[in-house]
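> Okay, here's the prediction I keep looking at, along with the sequence it came from:
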Amino acid sequence: MFHSVWRQKRIVVGCTIFAGILGTGYAFLAPKVYEVSSVVRPAAINELDALNRSEVYKLPPADALSKVGAQLDSYEARLGFFKSHEQLFKAFQKPGQTLEQSFEAFNRNSVSLTLPDPKKSDSLSNYIRLELQYPEDVDGVTILNGFVDYAIAAERDQVGADLKVIVNNRLNELKGKIDAARSNYETEKESKIAKLLEADRLKRAQLQDELGALRLQMKIERTDRLAELAEAISIAKSMGIKTPTTPSSMADATRGGSSQVMRTEVNNQKIPLYFLGTEALEAERTALQQRTNDDFTNPRIAQIGKELQMLETNREVEVLRKRGNEDIFLQDVEPLRAEVARLHALNIDMSNLKLVTVDRRAQEPLSPVKPKKIFVIALSLMAGLFLGLLIALVRYFVLKPRAAIAFSSLEHSSFGRRERKDDMPLQ
């Protein structure tokens, strides 16, 4: 078989040369495809320090890199960049295809993204590589750098929008707490006013009842006094007592003693009323009958009047109702107001926020990646050599049975001639 293939070396060499010529032609005439790449790494900690110190939105550098990577891998982001920069993608748009179909072919065949391995915690593996393959008539460097900037800007806008929503939600929550505290204060104030007024009404009613009871009591006492005076007057008249006297004086008068005697009398018994005499008793009765008001006879009446007068106006209620700025009286709202002031002072402008660091931007390639001339030529030579060897082997296995049949026929004919020769008689 080796000798047969060696005898067919011209066929093998010819196939190899023919395939090499085809491969060389393809390597030099096929459309050139270039490749550019861009590498994105996590930003420095100080770039995100202001955002993280806001205590509203936490974004470590690794998470920021993941968000940007998700944006770079997003179909919507790529389609948005494709639509907004159609002039850069004219070479990818084919007749009869919609814009989305052209983008689908470009996205599937031309763009590849390498994300960091989540199983590796090494910081050196935290990077994102974006590669783009494009034909010769396309500005791939501008496309790739523009898309990276577009994705970073889109994610920055998304972070800014998220931060603004979070801040607004926090402000609304704080406003709700302050409003609740204000409502609670209003309720407590109205409740306190109602309690004070109710206490005043109760006190006023009690004083009025006490005043009425005292006046009734004094009226009864005046009536009893008049009855007592009438009885004493009748006794004094019957005894002939007109002026005030005492039992001792009356006894001396009946004995007819000297009127120049002075007597000091100590007596612990109450002298009956009629000893005052009819003149004094009638004068007192007349005064009591002409009296229209007994209030002056009891100091408690004046005290009750004073208290009723003070109850006409509750100064505490008046002060509560005349408060101008009631927010300063709210309880436990100072921390809430401080938080509101801090949130209002936050800089939500994300235009200068640096989410990631573009470690390497796309540069003009020095040579195309497709076709690889040396590889194509070497592969074509190997294919030609393999094809030549295959043809030689096929010819060997096809021609070998025919040669064997021809050799067998030749031997058979030679054997017949020998037999005929041996059968001839000897002469």
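Noted; the coordinates are in hand.
> going forward, measure contacts between C-alpha atoms and count neighbours the same way
OK.
> which residues in the stretch 1-150 of the chain form helices?
Ranges of helices in the stretch 1-150 of the chain, per DSSP state H, counting those that start in this stretch, are 2-7, 9-29, 49-53, 61-72, 75-84, 99-109, 140-239.
> Can you tell me how far the residue most central in space within the chain is from I152?
Closest to where the C-alpha atoms of the chain average out (Cα atoms, centre = their mean) is I166, at 4.4 Å. As judged by Cα to Cα, to the nearest Å, I166 and I152 stand 21 Å apart.
> do G212 as well
Relative to I152, and taking Cα to Cα, G212 is found at 89 Å.
> Of the two, which one has the most company?
Shown here are G212 and I152; by other Cα atoms under 10 Å, I152 has more neighbours (24 against 13).
> burial measure for the closest residue to the more buried one other than its chain neighbours, as a count.
Here the nearest residue to I152 in space, its sequence neighbours aside, is V68; by Cα to Cα, 6 or more residues apart in numbering that works out to 6.1 Å. Close neighbours of V68, defined as other Cα under 10 Å, add up to 25.
> Tell me who's in contact with V68.
Contact analysis of V68 by Cα atoms under 8 Å, 6 or more residues apart in numbering lists A151, I152, E155, L355, V356.
> Throw the residues you listed into CSV and include pLDDT and distance to L51, thanks.
Compiled in CSV, the contacts of V68 are given as follows (pLDDT from 0 to 100; distance: Cα to Cα, whole Å):
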residue, pLDDT, distance to L51
A151, 92, 20
I152, 92, 16
E155, 91, 14
L355, 88, 10
V356, 91, 14
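> Select only the buried ones of these in ChimeraX?
Command for ChimeraX, covering only those of the contacts of V68 found buried under the criterion 16 or more other Cα atoms under 10 Å:
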select :151,152,155,355,356
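> can I get the contacts of V68 in JSON lines with distance to I235?
As requested, those are exported to JSON lines (distance: Cα to Cα, whole Å):
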{"residue": "A151", "distance to I235": "124"}
{"residue": "I152", "distance to I235": "122"}
{"residue": "E155", "distance to I235": "118"}
{"residue": "L355", "distance to I235": "119"}
{"residue": "V356", "distance to I235": "122"}
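> Which one of the contacts of V68 is nearest to T187?
E155 (47.2 Å; Cα to Cα).
> Quick check: the closest one vs R360, distance?
Taking Cα to Cα, one finds E155 at 19 Å from R360.
> Enumerate every residue touching the residue nearest to R129 when sequence neighbours are not counted.
Take R129 and drop its neighbours on the chain: the residue closest to it by Cα to Cα, 6+ apart is V39, 4.6 Å away. Going by Cα under 8 Å, 6+ apart, V39 touches Y127, I128, R129, L130, V358, D359, R360, R361.
> Look up how far D63 lies from V39.
V39 is 17 Å from D63, by Cα to Cα.
> same thing with E190?
52 Å.
> Need the pLDDT of the residue nearest to I152.
Listed pLDDT for V68 reads 90.
> would you turn the helices of the stretch 1-150 of the chain into TSV with distance to L273?
As requested, those are exported to TSV (distance: least, Cα to Cα, whole Å):
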stretch	distance to L273
helix 2-7	172
helix 9-29	153
helix 49-53	98
helix 61-72	110
helix 75-84	118
helix 99-109	127
helix 140-239	6
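> tell me the most buried of these?
Highest mean neighbour count among the helices of the stretch 1-150 of the chain (mean count of other Cα atoms under 10 Å): helix 61-72, with a mean of 21.
> Now do it against helix 75-84: the angle between them, please.
60 degrees (axes from the mean of the first three to the mean of the last three Cα atoms, to 10 degrees).
> Please export the C-alpha coordinates of helix 61-72 as PDB.
Provided in PDB are the C-alpha atoms of helix 61-72 (Å, rounded to 0.1, in the frame of the first residue of the first chain):
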ATOM      1  CA  PRO A  61     -17.600  49.100  43.700                       C
ATOM      2  CA  ALA A  62     -18.200  45.400  42.900                       C
ATOM      3  CA  ASP A  63     -22.000  45.900  42.800                       C
ATOM      4  CA  ALA A  64     -21.500  49.000  40.600                       C
ATOM      5  CA  LEU A  65     -19.400  46.800  38.200                       C
ATOM      6  CA  SER A  66     -22.100  44.200  38.200                       C
ATOM      7  CA  LYS A  67     -24.800  46.800  37.400                       C
ATOM      8  CA  VAL A  68     -22.700  48.100  34.500                       C
ATOM      9  CA  GLY A  69     -22.100  44.600  33.300                       C
ATOM     10  CA  ALA A  70     -25.800  43.900  33.300                       C
ATOM     11  CA  GLN A  71     -26.300  47.100  31.300                       C
ATOM     12  CA  LEU A  72     -23.700  46.100  28.800                       C
END
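> how about the strands of the stretch 251-400 of the chain, start to end?
For the stretch 251-400 of the chain, strands defined by DSSP state E, counting those that start in this stretch occupy the ranges 356-360.
> show me where pLDDT drops low in it?
When residues are selected by pLDDT under 70, those of the stretch 251-400 of the chain lie in 251-269, 348, 400.
> Can you show me the helices along it?
Under DSSP H, counting those that start in this stretch, the stretch 251-400 of the chain gives helices at 277-290, 299-310, 315-321, 334-344, 373-423.
> between those helices, which one is nearest to L48?
Nearest of these (Cα to Cα): helix 334-344, 17.6 Å.
> what's next to the closest one, contact-wise?
So helix 334-344 is in contact with V167, L171, L174, K177, I178, going by Cα under 8 Å, 6+ apart.
> Run the chain-centre distance for that helix.
Between the centre of helix 334-344 and the centre of its chain there are 15 Å (Cα atoms, centre = their mean, to the nearest Å).
> Check stretch 297-306 too.
67 Å.
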